[in-house]
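Asker: Using only what follows, build the 3D model:
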Amino acid sequence: MDQKALKKLVESISKTVKSFKKSEVECLIRLFHSLVRRTDERLDKIGLDRSAFRGILHSVFGMTDDMLMDRVFFAFDKDGDSHINVNEWVKGLSLFLRGTFEEKLKFCFEVYYFNGDGYISREEIFDMLKNSLHHQSSEEETDEGIKELVEITMRKMDYDNDGKISFADFERAVKEDTLLLEVFGPCLPEAQVVRNAKHQN
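Answerer: Numbers count the residues shown, from 1 in each chain. Predicted coordinates for the structure are as follows:
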């Protein structure tokens, strides 16, 4: 990318992403292009595919849950084209590394509801918990334990008792107990990664 195009892109992205300085936006753009080229030269104009992005989430941010890494990918991929472009990359990292509590709250909720209906259902909770718990006992015992956890979760978070968790339910529960922010699995970078990123500035 030539300097003129890079400068224009930095200016454009900096208008919508306020949590990074222009020099940081430029570094993230350069990093994005190097990661894309390293993955597949043909993707340079398209962006990071799910596999490459999952590799970054794992190696850089310490994420290991395949289901949640896929959901984080879809949360970054705002235009739904199955690739993360440079704008989505910078905006997503802005939230990841420097997002406000409110932004992170909305992001986690978006990651946790799978079917796009705006609610986290019992089935989605069951699937996330089952995916994140290790199978130390029989499948039947594990499923029964998870069903109990789902019911406990619903009692704690479903304030309007409609059998699903809306954003309003999630927000209220998390504001009462911030440990519930990532209750269904880690979908934000570990605090150590964020601290290291801030100290590099």
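Asker: alpha carbons only for contacts and neighbour counts from here, please
Answerer: Fine.
Asker: can you tell me which residues contact residue 14?
Answerer: Contact analysis of residue 14 by C-alpha atoms under 8 Å, 6 or more residues apart in numbering lists 20-22, 25.
Asker: same thing with residue 69?
Answerer: Counting by C-alpha under 8 Å, 6+ apart, residue 69 has contacts 54, 57, 63, 187.
Asker: The most centrally placed residue in the chain is in what secondary structure piece?
Answerer: Central residue check for the chain by C-alpha atoms, centre = their mean: the C-alpha nearest the mean position is that of residue 72, 3.4 Å away. For residue 72, the host element (DSSP states H and E) is helix 66-76.
Asker: buried stuff in that helix?
Answerer: 68-76 (16 or more other C-alpha atoms under 10 Å).
Asker: Quick one: the helices in this protein, in order.
Answerer: Assigned by DSSP state H, the chain shows helices spanning 3-16, 22-39, 50-61, 66-76, 86-98, 101-112, 122-132, 139-157, 167-176, 191-199.
Asker: So which elements touch the fifth one?
Answerer: Applying 3 or more C-alpha pairs under 8 Å, 6 or more residues apart in numbering; DSSP states H and E, one finds that helix 86-98 makes contact with helix 22-39, helix 66-76, helix 101-112, helix 191-199.
Asker: highest average neighbour count across the ones you listed?
Answerer: Burial of these is given as mean neighbour count (mean count of other C-alpha atoms under 10 Å); helix 66-76 ranks first at a mean of 20.
Asker: That helix vs helix 86-98, what angle?
Answerer: 120 degrees (axes from the mean of the first three to the mean of the last three C-alpha atoms, to 10 degrees).
Asker: CA atoms only: put helix 66-76 into CSV for me.
Answerer: These are the backbone C-alpha positions of helix 66-76, laid out as CSV (Å, rounded to 0.1, in the frame of the first residue of the first chain):
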residue,chain,number,x,y,z
ASP,A,66,-13.5,-22.8,19.0
MET,A,67,-17.2,-22.0,19.3
LEU,A,68,-16.6,-18.6,20.9
MET,A,69,-13.7,-17.7,18.5
ASP,A,70,-16.2,-18.3,15.6
ARG,A,71,-18.7,-16.1,17.3
VAL,A,72,-16.1,-13.3,17.9
PHE,A,73,-15.2,-13.6,14.2
PHE,A,74,-18.9,-13.0,13.2
ALA,A,75,-19.1,-10.1,15.7
PHE,A,76,-16.1,-8.5,14.0
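Asker: For residue 106, which residues are in contact?
Answerer: residue 167.
Asker: From the contacts of residue 69, pick the one nearest residue 116.
Answerer: Of all those, residue 116 sits closest to residue 187, with 17.3 Å by C-alpha to C-alpha.
Asker: before we move on, the earlier item: counting neighbours, which of the contacts of residue 69 comes out on top?
Answerer: With neighbours taken as other C-alpha atoms under 10 Å, the top of those is residue 187, carrying 26 neighbours.
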